[in-house]
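> any chance you can model this:
(3 chains)
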Amino acid sequence: MDELIPYIYKPHPVTGITNGKFGTWLFLASEVMLFGALFSAYIMLRVGSESWPHGYQELHVAWAALNTVVLIFSSVTIVMAWVSLKLNKFTNFRIYMGLTLLCSLAFLAVKSVEYMDKFHHQHYPWTSNFFGIYFTLTGLHAIHIIGGIVVNAYLMGPGAKLWKTNPEQFTGRIECAGLYWHFVDLVWIFLFPTIYLL
Amino acid sequence: MSSHDTHAHSGHDHHELSWLRKYVFSIDHKMIGIQYGLTSLCFLFFGFTLVMLMRWQLAFPGKELPIIGKLLGEAAFPGGVMAPEFYNQLGAMHGTIMVFLGIVPLAVGAFGNYLLPLQIGAGDMAFPKLNMMSYWVFFMGGVTMLLSFLMPGGAAQSGWTSYPPLSDIAPAGQTVWLLGMVFLITSSLLGSVNFIVTAIQLRVKGMSFFRMPIFTWCQLVTAFLLLLAFPPLEAASVLQLMDRVAGTSFFMPTGLVISGEQSHFAGGGNPLLWQHLFWFLAHPEVYVLILPAVGIVAEVLTTNTRKPLYGYNTLVYSVIFLGFMSFVVWAHHMFMTGMGTTLSSFFQATTMIISIPSVIIVTTFLLTLWGASIRFNVPMLFALAFLPMFAIGGLTGLPLGLTASDIYLHDTYYVIGHFHYVVAPGTLFAMFAGIYHWYPKLSGRKMSEFWGKVHFWGSFVCMNGIFMPMLFVGMAGVSRRLYDMSLYAHAKAVFPLNIVMSVSAWSLACFQIPFILNLFISWRKGQKVGDNPWDCTTLEWATPTPPPHGNFTHPVEVHRGPYEYAGDEAEFVPQNV
Amino acid sequence: MSASAEEVKKHVKTYWGVFGALLVLTAVTVAVGYKHLPIHWAIIVCLVIALTKGTLVGGYFMHLFGEKKIILWCLALTVFFFFLVLLLPVIVVQEDAVTGPMWSPAPAGSAPVEAPAHE
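The predicted structure follows:
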């Protein structure tokens, strides 16, 4: 047996994917179920409530819209980071990955300003179920963002050494990190209208 | 992803690894499997101890518990008599520990981890480091659960289902319970990703899907259940944590009055939301408990009947269908919550449908036995006992799945009897069968046949002594979470059965002693056997004993289906020949 | 997706195009949001736009268009269960999907529906 675990960076001949990519997608599948249950809770609470404010009455749509743009942009940059590796341009990879990280930090910054503003106006999770669900869903999403920042920062910093020894595997890792990041973006794309606009 | 350094030392010998890397922070699936096994067996015994305490209060309510009552202190046993709050903690924690820290990690973590890569001819799991993480996250979840007993007000006490609003206002132990659940769910998630990728990507040449042993099939379907059914409970746990820690009221209805005072919650929440999210997990969870057991029984039965498994394809499709349907039946736990009749009928129908594949599974097993010259060794005895026990468990479930009879039986001891028949003499017997069956692969020695038989017959009689009376108690209409049954007029007639159940439970504990001793003593003193003592056909027996790091010393290739037995004692063709 | 360098180059244009489309859709959804449409129209418009955006991100950025079958199958299964967990609890909690008043609970204080006289 030449290697203990095959298909780490070479795709499996039948399924056509690597272990890492398959694993990432399965992980995302379970994340879909996690957010599905949370959205379900949101619908159930809202349908069952006597009164439920419209998001735009209580929250700042402009900040959230800004955050949407920031996240979408970071989605493009991380896919460009992957493209750069495919085209063998490691410097470009660094730039795009850096941009992604900047965007994610910017997202968190806007988010914290928004939270501070809510606290300033005496709006806490225990104020009403609207704010409860607002803080829970956006908070959980922010935790996912932080997770993404940790992974991306690792891959840009110490993790990038792998590029020298095994570029194929490293590109695969960036693709997986990208998939996760796009998923975080995707969740926000649905969170934004449901919480802020409806 | 994590494996460039794994296969860096795969060429060398694994003796280079330090003790810590080899036995504690191991990334070898076999060592992780053994870790899971030992940990979960300890938790099983601990969970069993909790219920043995409960059985004292149930059989002799209000009587002083000698010695142990004193030892556990005044808070839990004021004056040596069990406090009602402590009784509730024991009930909640028994359920939680048995399900999430006992059976699941034993069935999936231990057996799955050890055997799945071997059965498909893989060198290890697809993500060895993730595998190690999965174990340690599970371990942390277990420790968190145990620590909850030390919280002010004790451990969680709202039942293993943790229904709000009670659980929302329970003492701090419930918060720790929720944190523990988040750990356990994360661990299952990591494990299931690993299992699916391994089973699909790492099958050795020739191992097509329909040449996979049933055990591997069951693990694969189970992994999908874990992957997709657990996240909703994680979501629910997060929401309940928010309720308890951040003061939200997702599960707290408006105007709730607690001990005569208006609750401080904002209100507007929905207690049923928890039940839906909980049972969306917990019904597939039932099949997480049963499918690996089905897999083990299939392996043991076919080996010891020396016959090919009857209806292999049918069995595979049944297992897949069972897994799929298990997502669509959850509200049959909620017939009493005031659901509309249309949806009750829907869930009643799906529940009846899901019994079809279960019956097919038992039927194929029975037909495998037909006309065979059966070897009645210890694993086979346990596997054979699984069949009627699982059948009783399944058939007693039918009245619970039908709305009309469920209204009477809901939340009575009948329910307890029903699911314990499935899980205790059902799944747990299959686990014992598996332990006796694969022990020679781990150690190169057999466990003692004599003490194994003592363990089997003792457990078999005691298990029925515990759970059969429960069905009668339940049919008398006695509710499941009563602290003192003797106070109720309708329970008077069946109350003496409690003594039968309690004595059986304590005797069951005594009959586990030969098993525990057998498990450890046979490791050094058992009868020495070769690499394939049972004359099996599947790939795990084609390895040296115990399998080295990387599992297979020669490249293997699969040429045939998993169960080519010729009916005769010695005639069989392994998959790799 | 294991594409060659040349294919990847072609994709770059698509990625920036998708980015533009996502920006436009975000602007549209915000603009519609400020219109304060009646709630059921607002839900439909917002969800349609969000689904379009989601499809673009999933399809192009996550390469789901033309992805390998095994991933698509796993996701199809997930999506099925996703809708199950999303919708069934809501339906179950509502009175009764067929016989009861489902999406329009009677306003508080309104007269109960008259029972048909049976004599």
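> whichever strand or helix holds A:Leu34 and chain B in contact?
Take DSSP states H and E as the rule and A:Leu34 turns out to sit in helix A:19-48. Yes. Helix A:19-48 reaches chain B (Cβ under 8 Å from any Cβ of the partner chain) through A:19-20, A:22-23, A:26-27, A:29-31, A:33-38, A:40-41, A:44-45, A:48. For every residue, glycine as well, the C-beta is placed using N, CA and C.
> check which element follows that helix along the chain.
Downstream of helix A:19-48, the first helix or strand assigned by DSSP H and E is helix A:55-58.
> longest helix anywhere in chain C?
Selection of the longest helix in chain C by residue count, based on DSSP state H, yields helix C:5-35.
> hmm, that helix touching chain A?
Yes. With Cβ under 8 Å from any Cβ as the measure, helix C:5-35 is seen reaching chain A through C:5, C:8-9, C:11-12, C:15-16, C:18-19, C:22-23, C:26, C:29-30, C:32-34.
> and the residue nearest to B:Glu234 when sequence neighbours are not counted, what does it touch?
Excluding the flanking residues, the one nearest B:Glu234 by Cβ to Cβ, 6 or more residues apart in numbering or on different chains is B:Ile185, at 4.6 Å. With contact taken as Cβ atoms under 8 Å, 6 or more residues apart in numbering or on different chains, B:Ile185 is in contact with B:Phe230, B:Pro231, B:Leu233, B:Glu234, B:Ser237.
> do that again at 10 Å, thanks
Contacts for B:Ile185 (Cβ atoms under 10 Å, 6 or more residues apart in numbering or on different chains) come out as A:30, A:34, B:100, B:137, B:141, B:226, B:229-235, B:237, B:281.
> likewise B:Pro440?
Neighbours of B:Pro440 in contact, by Cβ under 10 Å, 6+ apart: B:446-447, B:522, B:526-534, B:541, B:545-546.
> mind telling me what element the residue nearest to B:Glu234 is part of?
Per DSSP H and E: B:Ile185 is located in helix B:173-201.
> how many residues are close by residue 79?
Unless you meant another one, I'm taking chain A. Neighbours of A:Val79 under the rule other Cβ atoms under 10 Å in any protein chain shown: 30.
> chain C is the one I meant
13.
> from what I see, it and A:Gly36 are in contact.
Yes. Applying Cβ atoms under 10 Å, one finds C:Val79 in contact with A:Gly36, separated by 9.3 Å.
> so where's the chain shaky on pLDDT?
All of this is about chain A. Filtered on pLDDT under 70, chain A yields the residue ranges A:1-2.
> if you could check chain C rather than the one you did, that'd help
C:1-3, C:89, C:92-119.
> now the helices: where do they sit in it?
Secondary structure of chain C (DSSP H): helices at C:5-35, C:39-56, C:69-93.
> what are the bridge partners for the closest residue to B:Ile169 other than its chain neighbours, then?
Distances taken as Cβ to Cβ, 6+ apart place B:Ile258 nearest to B:Ile169, at 5.9 Å, with adjacent residues excluded. As for beta bridges, B:Ile258 partners with B:Glu261 under DSSP bridges.
> next one: phi and psi at the one residue in chain B that gets nearest to chain C?
Chain B approaches chain C most closely through B:Gly340 (2.6 Å), counting by Cβ to the nearest Cβ. Backbone geometry at B:Gly340, expressed as degrees, to the nearest 10, gives phi -70, psi 160.
> mind listing the helices for chain A?
A:19-48, A:55-58, A:61-86, A:90-120, A:129-156, A:162-165, A:167-191.
> sorry, back to before: what's downstream of the helix holding B:Ile185, the next helix or strand?
helix B:214-241.
> how many neighbours does B:Glu74 have?
11.
> the host helix or strand of B:Val297 near chain C anywhere?
Using DSSP H and E, B:Val297 maps to helix B:271-305. Yes. Counting by Cβ under 10 Å from any Cβ of the partner chain, chain C is contacted by helix B:271-305 at B:Leu272, B:Leu273, B:Gln275, B:His276, B:Leu277, B:Trp279, B:Phe280, B:Leu281, B:Pro284.
> let me see the contact set for the closest residue to the third one other than its chain neighbours.
Across the structure, with Cβ to Cβ, 6+ apart as the measure, the residue nearest B:Gln275 apart from its sequence neighbours is B:Met334 (5.6 Å). With Cβ under 10 Å, 6+ apart as the criterion, the residues that contact B:Met334 are B:Leu272, B:Gln275, B:His276, B:Phe278, B:Trp279, B:Leu343, B:Ser344, B:Phe347, B:His410, C:Pro89, C:Val92.
> now tell me which of these the prediction trusts least.
In terms of pLDDT, C:Val92 ranks lowest among the contacts of B:Met334, with 65.
> from A:Ile78, how far off is the residue nearest to B:Gln275?
Noted for B:Met334: a distance of 43 Å to A:Ile78, by Cβ to Cβ, to the nearest Å.
> what's the answer for B:Leu65, then?
62 Å.
> more neighbours: which of the two?
Regarding B:Leu65 and A:Ile78, a neighbour count based on other Cβ under 10 Å identifies A:Ile78 as having more, with 29 against 17.
> where do the helices sit along the stretch 1-150 of chain B?
Using DSSP state H, counting those that start in this stretch, the helices of the stretch 1-150 of chain B run over B:19, B:29-59, B:68-71, B:73-76, B:84-96, B:104, B:113-119, B:128-147.
> any chance of the ones you listed in JSON lines, with mean pLDDT and distance to B:Gly550 too?
Formatted as JSON lines, the helices of the stretch 1-150 of chain B follow (pLDDT from 0 to 100; distance: least, Cβ to Cβ, whole Å):
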{"stretch": "helix B:19", "mean pLDDT": "85", "distance to B:Gly550": "20"}
{"stretch": "helix B:29-59", "mean pLDDT": "96", "distance to B:Gly550": "10"}
{"stretch": "helix B:68-71", "mean pLDDT": "89", "distance to B:Gly550": "48"}
{"stretch": "helix B:73-76", "mean pLDDT": "87", "distance to B:Gly550": "50"}
{"stretch": "helix B:84-96", "mean pLDDT": "95", "distance to B:Gly550": "37"}
{"stretch": "helix B:104", "mean pLDDT": "95", "distance to B:Gly550": "28"}
{"stretch": "helix B:113-119", "mean pLDDT": "95", "distance to B:Gly550": "10"}
{"stretch": "helix B:128-147", "mean pLDDT": "95", "distance to B:Gly550": "11"}
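> which one of those helices lies nearest to A:Lys89?
Within the helices of the stretch 1-150 of chain B, the stretch nearest A:Lys89 is helix B:128-147; the backing value is 30.1 Å (Cβ to Cβ).
> buried subset of the residues of helix A:19-48 next to chain B as a ChimeraX selection?
ChimeraX command restricting these to the buried ones, with burial defined by 16 or more other Cβ atoms under 10 Å in any protein chain shown:
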select /A:19,20,22,23,26,27,29,30,31,33,34,35,36,37,38,40,41,44,45,48
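> need phi/psi at A:Thr127.
phi -60, psi -50.
> now do the SS call for the nearest residue to it once chain neighbours are set aside.
The shortest distance from A:Thr127 to any non-neighbouring residue, by Cβ to Cβ, 6+ apart, is to B:Ala266 (6.7 Å). The local conformation at B:Ala266, judged by DSSP: H, G, I helix; E, B strand; the rest coil, is coil.
> check contacts around B:Ala266.
B:Ala266 is in contact with A:124-132, B:247-249, B:252, B:254, counting by Cβ under 10 Å, 6+ apart.
> neighbour count added to these, as a markdown table?
Putting those into a markdown table (neighbours: other Cβ atoms under 10 Å in any protein chain shown) gives the following:
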| residue | neighbour count |
| --- | --- |
| A:Tyr124 | 16 |
| A:Pro125 | 23 |
| A:Trp126 | 18 |
| A:Thr127 | 18 |
| A:Ser128 | 21 |
| A:Asn129 | 28 |
| A:Phe130 | 24 |
| A:Phe131 | 19 |
| A:Gly132 | 25 |
| B:Gly247 | 16 |
| B:Thr248 | 29 |
| B:Ser249 | 27 |
| B:Met252 | 25 |
| B:Thr254 | 14 |
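> from those, pick the one nearest B:Leu471.
Proximity of these to B:Leu471 (Cβ to Cβ) peaks at B:Met252, which lies at 36.0 Å.
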